[in-house]
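Enquirer: Sequence and computational prediction follow.
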Amino acid sequence: MNYDFNEIEAKWQKYWAENQTFKAENNSDKEKFYVLDMFPYPSGAGLHVGHPLGYIASDIYARYKRHKGFNVLHPMGYDSFGLPAEQYAIQTGQHPAITTETNINRYREQLDKIGFSFDWSREVRTSNPDYYKWTQWIFIQLFNSWYNNDSNKAEDISTLVALFEKEGNTTVNAVSDEDIIAFTAEEWNAFDTKKQQEILLQYRLTYLADTEVNWCPALGTVLANDEIVNGVSERGGHPVIRKKMTQWSMRISAYAQRLLDDLTTVDWPQPLKDSQTNWIGRSQGASAVFNVNGHDEVIEVFTTRPDTIFGVSFMTLAPEHELVSKITTPEQKAEVEAYIEATAKRSERERMADVKTISGAFTGAYAEHPFTKEPIPIWIGDYVLAGYGTGAVMAVPCGDQRDYDFAKHFDISIPNIFEGVDISEEAHVDKDKTVIVNSDFLSGLPYKKAMKLAIYELEKIGHGKGKINYRLRDAVFSRQRYWGEPFPVYYVDGMPQMIDAKHLPIALPEVEKYLPTETGEPPLGNATVWAWDTVSNRVVDNSKINNATVWPLELNTMPGWAGSSFYFNRYMEPNNENEIFSKEAIDYWQDVDLYIGGSEHATGHLLYARFWQKFLFDKGVVPKNEFAKKLINQGMITGTSAFVYRVDFEGSYSISKESNRPVLKQPLYISYSLFKKFDDLYKYILNSKISLEEKNEFVNGNGYTKGLASVAEGTVFYELLDEEKKDVLASFMSLLEDVRVDLRSKGADVIGLKFSSIHADVSFVNASDELDIEAFKNWREEYKDAEFILEDDKYIVGREVEKMSKSKYNVVSPDSICVDYGADSLRLYEMFLGPLEQSKPWNTAGITGAHGFLKKLWRLYVDDNGVKVTDTEPSKDNLKTLHKTIKKVEEDIENFSFNTSVSTFMIAVNELSAQKCTSREVLEALIILVSPYAPHIAEELWNKLGHSESISTAPFPKFEASHLVESSKEYPVSFNGKMRFKLELSLDLSKEEIEKVVMSHEKTQQQLAGRAPKKVIIVPGKIINIVG
RNA sequence: GCCUCGGUGGCGGAAUUGGUAGACGCGCCGGAUUCAAAAUCCGGUUCUAACGAGUGCGGGUUCGAUUCCCGCCCGAGGUACCA
């Protein structure tokens, strides 16, 4: 009986589906355990081998926990709103819902083939109205809440209104917009409704605000920073401008401190916590207010070093700072405006990437030092960011390197306020061991005391106060897209109104076109049935808008992170139509026990999800402040891309009538080792000891191969080369000559050659890196006539490890592996590849190892005559192998060290095969151990052993230490720490007895060669070390 | 620049509190079986002829360091002039 994995796997996948083997119940006497994967966006490319890595790991853990007697919740779903489907809709007109459905079906098919133990009855899709009903519901809750700093939690907006009615807003300690006007209770009560609504909007946890965005007029959309390259859009290369837009924002900043504090309560990877900590960016310091001479305006700055206030020698404003135009003197106006224009052209990325260039302009205005009353010149400079702090800094060049560089560059004075410190070369950044001098009342004080006193004095004269600043900014929540959750919002006289929760969901309307409207409105502006009737409480035709009972609906949609910020809770009861989940469900499941996903979500999804969880906790909706107790980041599986090397030429040519650059008769590709030889030669010359001038001449900005040609033509460096290198050079020159002959007829003078690395699809390449030339030629029109320079009659590709991506043609899908080797082989192999958290390259070569193991495992149970397991008593060796395996595997699973447990299985099977073990007692236990990793073969063998129930809840074998007790040990005998030979000794021997035996041993005498040992270290049961 | 994680055979990696460096697998080499091949099985495989050396480099602590400490170098990912 052979191991027919295809048949076995299909059989058990069907069995699990039909019997709902992995369905989790919301009430159970068993202890709960919730294992969660980050749900995928169903892209058109389908799953590649990188996706299942984390899913396999979580599946192993979930299955292990079932064996351990837990009621396990292990759900899966889809983050199904997203840009690619929308883009596809724009191109083809196909509704994103259809695209999404197709992709989901393909994902499901692929996932099913790998044998995951998901409870599919709980599947969620963020783009389903049944689901986004609750996304909209949470949005309404946020709108109806404000953050009370006194109770340190979100409260219903009605409690704020009550406070306003009684006391006005001066006693309220709330998180709000910056520009809040103060009012009394009388004033509040006198305001009209619209005014009151406007004010409340400044306190709500989700609010409308004018936000500066990257607007691309040509695309009619807002772009993220990384969608902009060199100031133009990545797609299409259209110009991008900074523009203010009214958008929904989420007041995540209200939770900054709690998001920071509670990181200590979760078991998440430290690097991930660090990046959240940095992202939140808490800094403690003071705000200080400087008067501007000759103006009523003041400049407020935030500083972490108020102790250095006497070291201020200038101030710098961000070029965008609103004060700049007001205070700039007529003489400086031209210079300042030119500077502002120049910086506006640079993208935010560009400005930030270029750290070395110091630039700025003097406004001509002066501020007044709050203590000395000295005038301080006010500059603008783009190293100050408008979006952080107040967009202005007090510059202390002696204590801050950027201020120092700026002062040096513009020749501004650098007063020294540090005792005994030399600042002639650079700023003095250390603060802990430094004493302040030349600073009036702060002189002679160390940093901490000076800090406190400075803040105290600033407060006394009304020029500042202690302040904590966060880098974390409120999150923009509007997107000008179609394929996202619509807002449950309509507008009455421009003021947003929430639709009552009982009318949800507000379903996404149909549109003719998925592009922005001609007037620049978001795609929903194309919808004709998109107005809210407050009488019938229904979405109605736009023509019915009467601004009395029927009003326009919001045209923006929600961002991608909305639906993913609470899905883990919705899994607890995904089909509940009346509530986001029932109290019983959330009380039973509480929170996620284990969450596995990629680290790329560190500051996006994982921060927003924590924010929403805390909000829902404040509202009493969820019982836990944090949604996931433990989190593991699985590493990325990288692909091994294949490259072919195209020969391009460098040269001069006259532009012909067709204004085309002459091309080679046939595109020419050189095999890897030839490319490598040329490349190495080039690098060799570049790295040899030649002068800078020579180097420049060699490189000459023309592509390196011109440099090689110049060497051959006898100008420079020829003497650097040995015979071998001269041969390489000669072959390069002959290639160059061929190209020259071909192109000269077309009027081009070829100086040198360039080689371009082109991705070739990895499926055209075999295990020895040989390219299937025919397949490559047929791949694309442009390769049809390609010619190849071979090595040993083969075209060998270059290989490089890169992120797996469609555009790099290095994607390997799990499908063919499942067909050729089976899902169990894939699961074992992915785990065997290396530590879960580490990123590692995919290489199919090793899969035969995992597959071979399964075959060997199979043969331990089954031979040509069928099952060979017997009820014989296990031998001592059998039990020893079994129990050391139980111990190791259990430890490994608990530590998520799945790679080592696969080795352990291999060792166990090798040993038991050698022992010719047929004992049921041992083999039944072994197959349970293997079952989380390779569930299909485990079910089949379990069944063959006579069990009619699924193996999935069979109790995990118990480890018994008694089987591992040893009576003797093979001691390593070391000399000066180096192991030289081994000696089998009884473990009963005392230190003295061991020393006696070892010292009289002939090999010891040999090693010592007559010397007397200085010292003998004996650690019983471990090691013997002789020093001498 | 800063933060984080890494650097061990031809390759993926193992060595969990400092105690035999290279488990396990791939690949490679040799052998058995076979008319032959596939499959399977057995043996070998860090370097070195050997003495020995050896976990990115240089120091240190220790009887003993891949592991701990100090100073560097290199790679990957993240972040971005954060006042």
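Expert: Perfect, thanks for sending it.

Enquirer: Quickly note the distance from the residue nearest to the spatial centre of chain A to RNA strand B.
Expert: By C-alpha atoms, centre = their mean, the mean C-alpha position of chain A lies nearest to A:E600, the distance being 0.6 Å. Separation of A:E600 from RNA strand B (C-beta to the nearest atom of the strand, to the nearest Å): 6 Å. Any C-beta I mention is one placed from the backbone N, CA and C, and that applies to glycine too.

Enquirer: if I pick that residue, what's in contact with it?
Expert: Under the criterion of C-beta atoms under 8 Å, 6 or more residues apart in numbering, A:E600 has no neighbours.

Enquirer: For it, give its distance to A:P972.
Expert: According to C-beta to C-beta, to the nearest Å, A:E600 and A:P972 sit 45 Å apart.

Enquirer: give me the number of residues near A:S564?
Expert: 24 (other C-beta atoms under 10 Å).

Enquirer: I'd guess it is in a helix, am I close?
Expert: Yes. In this structure, A:S564 lies within a helix as judged by DSSP: H, G, I helix; E, B strand; the rest coil.

Enquirer: that older thread, so the residue nearest to the centre of chain A, which state does it fall into?
Expert: Note that with three-state DSSP, the state of A:E600 is helix.

Enquirer: Tell me which residue in chain A sits closest to RNA strand B.
Expert: Here the residue of chain A nearest RNA strand B is A:G849; by C-beta to the nearest atom of the strand that distance is 2.1 Å.

Enquirer: Hmm, A:L833 and that residue touching each other?
Expert: No. Between A:G849 and A:L833 there is no contact under C-beta atoms under 8 Å: 10.6 Å.

Enquirer: More neighbours: which of the two?
Expert: It is A:L833, of A:G849 and A:L833, that has more neighbours when counted by other C-beta under 10 Å, with 23 against 14.

Enquirer: what sits against that one?
Expert: A:I637, A:K840, A:W842, A:G846, A:N899.

Enquirer: What residues does the second one make contact with?
Expert: Applying C-beta under 8 Å, 6+ apart to A:K840 gives the contacts A:G635, A:I637, A:T638, A:L833, A:G834.

Enquirer: Any idea what the third one is bridged to?
Expert: Spelled out, that is A:T638. A:K803, A:P841 (DSSP bridges).

Enquirer: now it: how far from A:S805?
Expert: Following C-beta to C-beta, the distance that separates A:T638 from A:S805 is 10 Å.

Enquirer: The fourth one now?
Expert: Counting by C-beta to C-beta, the separation of A:L833 from A:S805 is 19 Å.

Enquirer: quick one: buried residues of stretch A:969-986?
Expert: A:K969, A:Y971, A:V973, A:S974, A:F975, A:L983, A:L985 (16 or more other C-beta atoms under 10 Å).

Enquirer: Widest-spaced pair of those residues?
Expert: A:K969 and A:F975 (18.9 Å; C-beta to C-beta).

Enquirer: Which per-residue confidence value corresponds to the closest residue in space to A:W842 that isn't next to it in sequence?
Expert: Closest residue to A:W842 apart from its sequence neighbours, by C-beta to C-beta, 6 or more residues apart in numbering: A:I637 at 4.9 Å. pLDDT, A:I637: 79.

Enquirer: before we move on, back to that, turn the contacts of A:L833 into a markdown table, columns for distance to A:G389.
Expert: Output for the contacts of A:L833, formatted as a markdown table (distance: C-beta to C-beta, whole Å):
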| residue | distance to A:G389 |
| --- | --- |
| A:I637 | 41 |
| A:K840 | 42 |
| A:W842 | 45 |
| A:G846 | 53 |
| A:N899 | 47 |
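
Enquirer: and RNA strand B, which of the residues you listed reach it?
Expert: Filtering the contacts of A:L833 for proximity to RNA strand B by C-beta under 7 Å from any atom of the strand leaves A:K840, A:G846, A:N899.

Enquirer: Which residues of the stretch 701-850 of chain A lie near RNA strand B?
Expert: A:803, A:832-835, A:838-841, A:843, A:845-846, A:848-850.

Enquirer: Name the member of these with the most neighbours.
Expert: Busiest of those [other C-beta under 10 Å] is A:A850, holding 25 neighbours.

Enquirer: Which SSE is immediately downstream of the one helix or strand that residue maps to?
Expert: Remark: A:A850 resides in helix A:847-861, with elements defined by DSSP states H and E. Using DSSP H and E, the helix or strand that follows helix A:847-861 in sequence is strand A:862-863.

Enquirer: Check which element follows that following strand along the chain.
Expert: Using DSSP H and E, the first helix or strand after strand A:862-863 is strand A:866-867.
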